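Peer 1: Can you look at this prediction? I've put the sequence above it.
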Number of protein chains: 2
Amino acid sequence: MFIIKEFELEGRLGVIKTKRGKVETPAFFPVIDPLKQLVSIKEIEEIGFDQIITNAYLSYKRFGEKLISEGIHNVLNFDKVIMTDSGAYQILEYGNIDASQETVMNFEKAIGSDIAVILDKPTGDVNKLDAEKSVEETLKNAYEAVKLKDDKTLWVLPIQGGRYLDLIKRSSEESAKLPFDIFAIGSPTVFLEKYSYKTIIDMIATAKNCLPPEKPVHLFGAGHPLIFPFAASLGIDAFDSASYALYARDNRYMTDYGTERLEDLDYFTCNCPVCSKYTPKELMEMDKKERERLLSMHNLYVIKRSINRTKQAIKEGRLWEFLVEISRYRPEAYEALRSLSKYIKQINKYNPRYKGNPRGLRFYNEENLWNPRIINYKTWILTKYLPDEKKVILRQIPKDTRYCMGEDGREVIYYTPYIGLIPYEICGVYPTIQFHYYDPIPIQVERDLINMVRVFIIKMKKLGYDIIVEASYNNYYSHDIGKEAERLKVKVNWK
Amino acid sequence: MFIIKEFELEGRLGVIKTKRGKVETPAFFPVIDPLKQLVSIKEIEEIGFDQIITNAYLSYKRFGEKLISEGIHNVLNFDKVIMTDSGAYQILEYGNIDASQETVMNFEKAIGSDIAVILDKPTGDVNKLDAEKSVEETLKNAYEAVKLKDDKTLWVLPIQGGRYLDLIKRSSEESAKLPFDIFAIGSPTVFLEKYSYKTIIDMIATAKNCLPPEKPVHLFGAGHPLIFPFAASLGIDAFDSASYALYARDNRYMTDYGTERLEDLDYFTCNCPVCSKYTPKELMEMDKKERERLLSMHNLYVIKRSINRTKQAIKEGRLWEFLVEISRYRPEAYEALRSLSKYIKQINKYNPRYKGNPRGLRFYNEENLWNPRIINYKTWILTKYLPDEKKVILRQIPKDTRYCMGEDGREVIYYTPYIGLIPYEICGVYPTIQFHYYDPIPIQVERDLINMVRVFIIKMKKLGYDIIVEASYNNYYSHDIGKEAERLKVKVNWK
């Protein structure tokens, strides 16, 4: 049902198999509005989405009994995966709507949803008491839903708790015990709109830490390209949102870093089919409906690109580097990266230590030091690694690592910024393979290197190893390492 | 003939008017290969290029006398701007070709080129003696060309010198005296291929410093999206390259940061019309010619996007911020940014001090401190600004700058990371308008702030001002400023 093809950080590439077809994850489900959809489902498919989500409640309002007699795939004329939301969000928006779990789930079964959300009680941005209520009520709903669900549909259980991490924890722990096919983190929309990515990161990490790793996890209402890679790095497998259409209604043009008002643009900064065909001015002069439709399409193309970049980065084992790059898109993204680094242990649980044939890593600043795979490697060097020989030499790495060489009777260990220490034998094994950085390195990165060398020397001395450090007067960090070694009373060969 | 509409850093938005039509700069001229062009000129126009460049020598080989009888616009079926290269590059590639300046220029006139390069002697990656020879010979060519040129065509004089900055200086100084319409920096292709952006930055800055600012400057052979914003920031107005086609021939897929081999991609990380329609696998399975054509088109879409992003950033007065963002695309780009910061004085010559209605600035790290406009502002504060009142209070800026307030009888000056000091009266005037950064700020940024406050206090004390510093125990940089003020024996109000 859910096949994981590739792990990277806490994220993964996978396939959700439904009765109708498969969803390649991480996946984005565009929200189809049964009442006022401007971009046709055919166009959405052409943009590259093989799955959509729509609202069971609004669909019924729009299409009535036809949905049951013909099935939702026929009514919408879409033969790929359709997910239906129970309409709980409408309950949140319009107050209580009278519908029982049984009515809702039977309806979703009857219309032939491939993936269906049970009726839940979304949290929204409320006080803690109300948030707690939504957690408990959703759990009650869940127990009832377990009895009502069939085997053909994939059933989705929402996790509640809003920004209250203890509530998310309780909601996730209890939900994890129940036999649902997919879990979904509910209602982060309020935080997404404010770009409070830090909050979202905490919410996701808390939930994921309790949920079974073999189940897909969906994030409700996330529709901005900047959040996908961050959420995916913590193991979010699916997203849905109507943002592409809602922004367009407001003349808002999605960019990698946020949105722009169409009237503020002289040039399109994107090369999607819409932006390649029109200028901002031409769009502004169009009929409102047509402009809205084209802007919606542009927004979907931008979303698609972000999903693809995320997938490619997972595939290449470069997801952290990708996050470092996009952390320059806005300060909130940088904060999100910082927040992620709080969850290193959780992230490294499934993060592969080595990945086959990765391209060269690129290092810029301390954010690269937080790369969980590199932290993992350094921890291994400092806690598990013991040199074969009792004589150890610490040497600055040559510019071209192909010139790394071993020596008879002595263990050669290279020192280098960002990675720290590399024993000769594993030069060339990821993550100690090819890497690029600019010179001089930032202060924090040099401090990190010197600190690692110090800790290693102290340990080696305690274990009775004979250590020589090679240092150079002509290189700032090599010089500082030499000085540090002298302070530790280790022999230094100055060059 | 060349109208500058907008300045930003040393770059500009402009319009080159030719006899046939206009070129909006910064502009990219796709190189049309008369012998083996796969993407049609019609398609190139549809991608969004209103100007092309082709080789006079190769065109003649392909089309013969027809070029003269019908004119190049009719033969190529393109009624927008056509630039012709004399074929000097072929001379560099294939050794000496027998053609006189007169033959070449008369041919370019006869076929109706809108912009024509005189016959020059390109430098390439040669030793200094040969480079010097190419400078002197090109200058000799130039003197001859002055006599031969007409008034209808825009004539382009190449600047030579390769990577030898003293030669570029001589070439530019002499060229600047001659009445050409456009100058072009020659043969940086060897450095572009190696991503030696630092070298290119030095070459451009040296040439631009000698060339008249009112003339457009072209950079030959630059065809990667990453170089455009850097070159444009130093005042390069036009580019040309065949890279889009050459890369495609090699199955190389352009990205923001470099190129990828098509076979290494599982997902397209771009959303141009080509990437939106096909998957990497589908392209791989195509007929070679068709794949090459589609890859060429993708590459052109990527180039177009970079040009547009550059233009929009110039328009918005955010070019430096854009460079900071893309400096994360590869370490060589970061080095280029560092190199740029060597030319602050030159850059600030035409860089507007203030720009109307800029959106909020985003700060990440010390690269933002190098923003020439901010350096300009800080220099002004430290050297020119004098408070109206003899009593001065230095106060931490409130989170929301709308709450900045003046005080009777005292000059309130706010301190804040990145910008430094902001007198109350100019709060809200660019660059002291809205800005965003994450907390805590990097060490270097805090040092910069404390240093600026120190220099300011010392100056104010010397001038007999009465200074009070407000500092807080609860904020790290405010605390450090308070401590610094105490060391300088200034009264500190601790909170």
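Peer 2: Sure thing, it's come through.

Peer 1: where's the residue of the stretch 101-250 of chain A found nearest chain B, which helix or strand?
Peer 2: In the stretch 101-250 of chain A, the residue that lies nearest chain B is A:K198 (9.7 Å; C-beta to the nearest C-beta). The way it works is simple: take the backbone N, C-alpha and C, and place the C-beta from them, glycine included. Assigning secondary structure by DSSP states H and E places A:K198 in helix A:197-210.

Peer 1: Packing partners of the helix or strand encompassing A:E325?
Peer 2: Secondary structure assignment for A:E325, by DSSP H and E: helix A:319-326. With contacts taken as 3 or more C-beta pairs under 8 Å, 6 or more residues apart in numbering or on different chains; DSSP states H and E, helix A:319-326 sits against helix A:227-233, helix A:288-316, helix A:331-340, helix A:366-369.

Peer 1: tell me what the helix holding A:K198 is packed against?
Peer 2: Using 3+ C-beta pairs under 8 Å, 6+ apart: helix A:197-210 touches helix A:165-176, strand A:182-185, helix A:189-193, strand A:217-219, helix A:227-233, helix A:331-340, helix A:344-348.

Peer 1: got the angle between that helix and helix A:331-340?
Peer 2: Going by axes from the mean of the first three to the mean of the last three C-alpha atoms, to 10 degrees, helix A:197-210 is angled at 30 degrees with respect to helix A:331-340.

Peer 1: what does the average pLDDT come to for helix A:197-210?
Peer 2: Regarding helix A:197-210, the rounded mean pLDDT is 96.

Peer 1: neighbouring contacts of that helix?
Peer 2: A:10, A:159, A:161, A:163, A:165, A:168-169, A:171-173, A:175-176, A:183, A:185, A:188, A:191-192, A:217, A:219, A:222, A:226-227, A:230-231, A:234-236, A:332-333, A:335-336, A:338-340, A:342-343, A:346 (C-beta atoms under 8 Å, 6 or more residues apart in numbering or on different chains).

Peer 1: which of those are buried?
Peer 2: With burial judged by 16 or more other C-beta atoms under 10 Å in any protein chain shown, the buried subset of the contacts of helix A:197-210 is A:10, A:159, A:161, A:163, A:168-169, A:171-172, A:175-176, A:183, A:185, A:188, A:191-192, A:217, A:219, A:222, A:226-227, A:230-231, A:234-236, A:332-333, A:335-336, A:338-340, A:343, A:346.

Peer 1: quick check: domain ranges of chain A?
Peer 2: Domain segmentation of chain A under automatic domain parsing yields A:2-342, A:363-494.

Peer 1: For the spatially closest residue to A:P352 that is not a sequence neighbour, which three-state class applies?
Peer 2: Using C-beta to C-beta, 6 or more residues apart in numbering or on different chains and skipping the chain neighbours, the partner closest in space to A:P352 is A:F7 (5.7 Å). Three-state call for A:F7 (DSSP: H, G, I helix; E, B strand; the rest coil): strand.

Peer 1: these two touch, right, A:F7 and A:K349?
Peer 2: No - counting by C-beta atoms under 8 Å, A:K349 is not a contact partner of A:F7; they are 9.7 Å apart.

Peer 1: Taking their axis directions, the helix holding A:K198 and helix A:165-176 sit at what angle?
Peer 2: 40 degrees.

Peer 1: In PDB, list the C-alpha atoms belonging to helix A:197-210.
Peer 2: C-alpha atoms of helix A:197-210 as PDB (Å, rounded to 0.1, in the frame of the first residue of the first chain):
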ATOM      1  CA  TYR A 197       7.600  27.700   9.500                       C
ATOM      2  CA  LYS A 198       9.300  27.200  12.900                       C
ATOM      3  CA  THR A 199       5.900  26.300  14.400                       C
ATOM      4  CA  ILE A 200       5.100  24.000  11.600                       C
ATOM      5  CA  ILE A 201       8.400  22.200  11.900                       C
ATOM      6  CA  ASP A 202       7.800  21.600  15.600                       C
ATOM      7  CA  MET A 203       4.300  20.400  14.900                       C
ATOM      8  CA  ILE A 204       5.400  17.900  12.200                       C
ATOM      9  CA  ALA A 205       8.400  16.700  14.100                       C
ATOM     10  CA  THR A 206       6.300  16.000  17.200                       C
ATOM     11  CA  ALA A 207       3.700  14.100  15.300                       C
ATOM     12  CA  LYS A 208       6.100  12.200  13.100                       C
ATOM     13  CA  ASN A 209       8.100  11.100  16.200                       C
ATOM     14  CA  CYS A 210       4.900   9.200  17.400                       C
END
